[in-house]
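[1] sequence plus the predicted model coming up.
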Amino acid sequence: MNSLQTFIAHTPQFPLSQYINCLWYIKGKLPYNREKILPTGTIELIFNLGSPYKLIDKVDPGKFALNKNSWICGLQTEYIISESHGNTNALGVSFKPGGAYPFFKFPLSELNNRVVDMDLIWGSLAEELREKLAETKLLNDKFKLLENALLEKLKADLYGLEIIQYAVDNIIHPNGFRTIKDLSTEIGYSQKHLINQFHKTVGVSPKILARVFKFLKVLNAINPARQINWAEIAYECDYYDQAHFNKDFLAFSGLNPTTYLKLRKENLPENLKAGPHENFVPIC
């Protein structure tokens, strides 16, 4: 993610590619210790091969949970605060919205805004897989090992997932304004059933998912290397007015837009200020 760190993304084979954005590997050291991780619209599975991470309590920054081995970050509608001391060395899985469900056998709403140790979900398999990943020397072999493990887990009931994925795609990449009612009518679901299926397979309601991706559109529109016109960005990202824009920005990031921009400018290396890491905000 910076000149001291290596980040490599790997597209998995079919059928994993239907459900997963990428497998990724990161190694190195950040130029800061603590960062806010803003919502990404994804669920992330992480196998840690390096130093532990601290998940900082937002109310009392002196309190923290320690993430050492492997964990899963549910779909976030709030920021989390992570702290790393030492070298990062980790492999991860970035699931598409709705893509994590086939690998787990419970409603994904149970993971919302949570970071959960994988041994609570996969039992001893999680640690066995992490140890094998640590012992495997070549990165391509690590990715292959992780792919094979995921293929073994791809046994959940997939009936109806194509319909939900169609709905998700229409929310993430809307073609004109459409209400949830319009979408549910098109796919032949009642609004209640559509919402229930989203809570089960995506983790949040269609309305919340739409808000998260509208916020991500805002982050993608911000170029810290250029003069920012916040009113223009709000309009381009389909906000009715500046007040709604500011309210959503604060709700998802815990920051106002000006402070967000200031932190990125002050704490990121030059090559990242206008880079693709807008969900990661260094704070100290």
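    Cool, the structure landed.

[2] all strands of the stretch 51-200 of the chain, in order?
    Chain-ordered strands for the stretch 51-200 of the chain, with DSSP state E, counting those that start in this stretch as the definition, fall at 53-56, 64-67, 70-73, 80-84, 88-95, 115-117.

[3] so which of these gets nearest Asp141?
    Closest of the strands of the stretch 51-200 of the chain to Asp141 is strand 88-95, at 11.5 Å (criterion: C-beta to C-beta). Quick note: C-beta positions are derived from backbone N, CA and C, even for glycine.

[4] show residues contacting the closest one.
    Contacts of strand 88-95 with the rest of the structure, by C-beta atoms under 8 Å, 6 or more residues apart in numbering, involve 5, 19-30, 40, 42-51, 103, 133, 142-143, 146, 150.

[5] circling back to that earlier point, now the strands of the stretch 51-200 of the chain in JSON lines, with mean pLDDT?
    As requested, those are arranged in JSON lines below (pLDDT from 0 to 100):
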{"stretch": "strand 53-56", "mean pLDDT": "92"}
{"stretch": "strand 64-67", "mean pLDDT": "90"}
{"stretch": "strand 70-73", "mean pLDDT": "97"}
{"stretch": "strand 80-84", "mean pLDDT": "91"}
{"stretch": "strand 88-95", "mean pLDDT": "95"}
{"stretch": "strand 115-117", "mean pLDDT": "96"}
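
[6] which of the ones you listed sits closest to Ser205?
    Judging the strands of the stretch 51-200 of the chain by C-beta to C-beta, what sits closest to Ser205 is strand 88-95, at 18.0 Å.

[7] hang on, the earlier thing: point out the most buried one among the strands of the stretch 51-200 of the chain.
    Burial of the strands of the stretch 51-200 of the chain is given as mean neighbour count (mean count of other C-beta atoms under 10 Å); strand 70-73 ranks first at a mean of 24.

[8] ok now it, how far from the chain's centre?
    In terms of C-alpha atoms, centre = their mean, to the nearest Å, the centre of strand 70-73 is set 11 Å apart from its chain centre.

[9] okay, it in PDB with CA atoms only?
    What follows is strand 70-73 as a C-alpha-only set of coordinates in PDB (Å, rounded to 0.1, in the frame of the first residue of the first chain):
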ATOM      1  CA  SER A  70      -7.300 -15.400  11.400                       C
ATOM      2  CA  TRP A  71     -10.500 -13.400  11.400                       C
ATOM      3  CA  ILE A  72     -13.400 -12.200   9.300                       C
ATOM      4  CA  CYS A  73     -14.600  -8.600   9.000                       C
END
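
[10] who are the packing partners of it?
    strand 43-48, strand 115-117, helix 124-135 (3 or more C-beta pairs under 8 Å, 6 or more residues apart in numbering; DSSP states H and E).

[11] swap in 6 Å and give it another go.
    For strand 70-73, the packing partners by 3 or more C-beta pairs under 6 Å, 6 or more residues apart in numbering; DSSP states H and E come out as strand 43-48, strand 115-117.

[12] if I look at the nearest residue to Ser84 once chain neighbours are set aside, how far off is Arg34?
    Distance criterion C-beta to C-beta, 6 or more residues apart in numbering; nearest residue to Ser84, sequence neighbours excluded, is Tyr53 at 5.4 Å. Note on Tyr53: its distance to Arg34, by C-beta to C-beta, to the nearest Å, is 11 Å.
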